[in-house]
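# no sequence for this one, just the structure:
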């Protein structure tokens, strides 16, 4: 999966630690998601979407699709 | 690693050390009989295992999903390969390989049975635990 998490975070001027605190996950989790090394679960993807006020598909996209 | 998590590890390790120290003192100074010694130390090991399980559960629950995914990966692949890697070691030692390498190391059927029992307990416990946990998971997610 690909995602726009890094861009969205940068637009708000948040560090990875800031975003991690808002999502209640570790900074390592945010880094792994941003670099595409870890795909979040649906509940976490929904939390991310709610936080940025965007639909999930605007943040995450399937490489194959 | 956060200070809170570090302190939890500290409490877990201190608890185990305290338990082991208390049992060592009891063995040395209390001079219990053989049956008391066996029952007492079995109870101590049960307490130590319960203490460790308590902290393992707490630490797992405190992890976020990324950390849990890492733990699952490590336990599944590390545990499975670690388990399989013991098989040739089991055969080598069971066949008297250590005695063959160093004749001063004793060998014989009694030692082999003791070794077999120890190996069986460790591997059997791990395999049984994995099957029970797997069974619980499947039942919960039917």
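Noted; the coordinates are in hand. On a predicted model such as this, the values are computed, not experimentally measured, just so you know.

# now the one helix or strand residue B:6 maps to: buried residues?
Element membership of residue B:6 [criterion: DSSP states H and E] is helix B:3-29. Using 16 or more other C-beta atoms under 10 Å in any protein chain shown as the test for burial, helix B:3-29 gives B:12, B:15, B:23, B:26. Bear in mind the C-beta positions are built from the backbone N, C-alpha and C, glycine included.

# show me what the mean pLDDT comes to for it.
Summarised as a single mean, pLDDT over helix B:3-29 is 82.

# elements contacting that helix?
helix B:34-62 (3 or more C-beta pairs under 8 Å, 6 or more residues apart in numbering or on different chains; DSSP states H and E).

# which one of the buried residues of helix B:3-29 sits closest to chain A?
Proximity to chain A was ranked across those by C-beta to the nearest C-beta; first place goes to residue B:12, at 19.9 Å.

# my guess is the closest one contacts residue B:48. True?
No. Using C-beta atoms under 8 Å, residue B:12 makes no contact with residue B:48, being 10.7 Å away.

# count of neighbours near residue B:118?
The number of residues packed near residue B:118 is 10, by other C-beta atoms under 10 Å in any protein chain shown.

# now do residue B:128
For residue B:128, using other C-beta under 10 Å, the count is 10.

# same thing with residue B:99?
Counted with other C-beta under 10 Å, residue B:99 comes out at 15.

# chain A versus that one, what's the distance?
According to C-beta to the nearest C-beta, to the nearest Å, residue B:99 stands 48 Å off from chain A.

# residues contacting that residue?
B:105-107 (C-beta atoms under 8 Å, 6 or more residues apart in numbering or on different chains).

# how about the residues of chain A near chain B?
A:24-26, A:28-29, A:32-33, A:38, A:40-41, A:44 (C-beta under 8 Å from any C-beta of the partner chain).

# so which of the contacts of residue B:99 wins on neighbours?
residue B:107 (16 neighbours).

# helix or strand for that residue, which one?
Using DSSP H and E, residue B:107 is not contained in any helix or strand.

# what strand or helix carries the residue lying closest to it once chain neighbours are set aside?
Closest residue to residue B:107 apart from its sequence neighbours, by C-beta to C-beta, 6 or more residues apart in numbering or on different chains: residue B:99 at 3.6 Å. Per DSSP H and E: residue B:99 is located in helix B:97-101.
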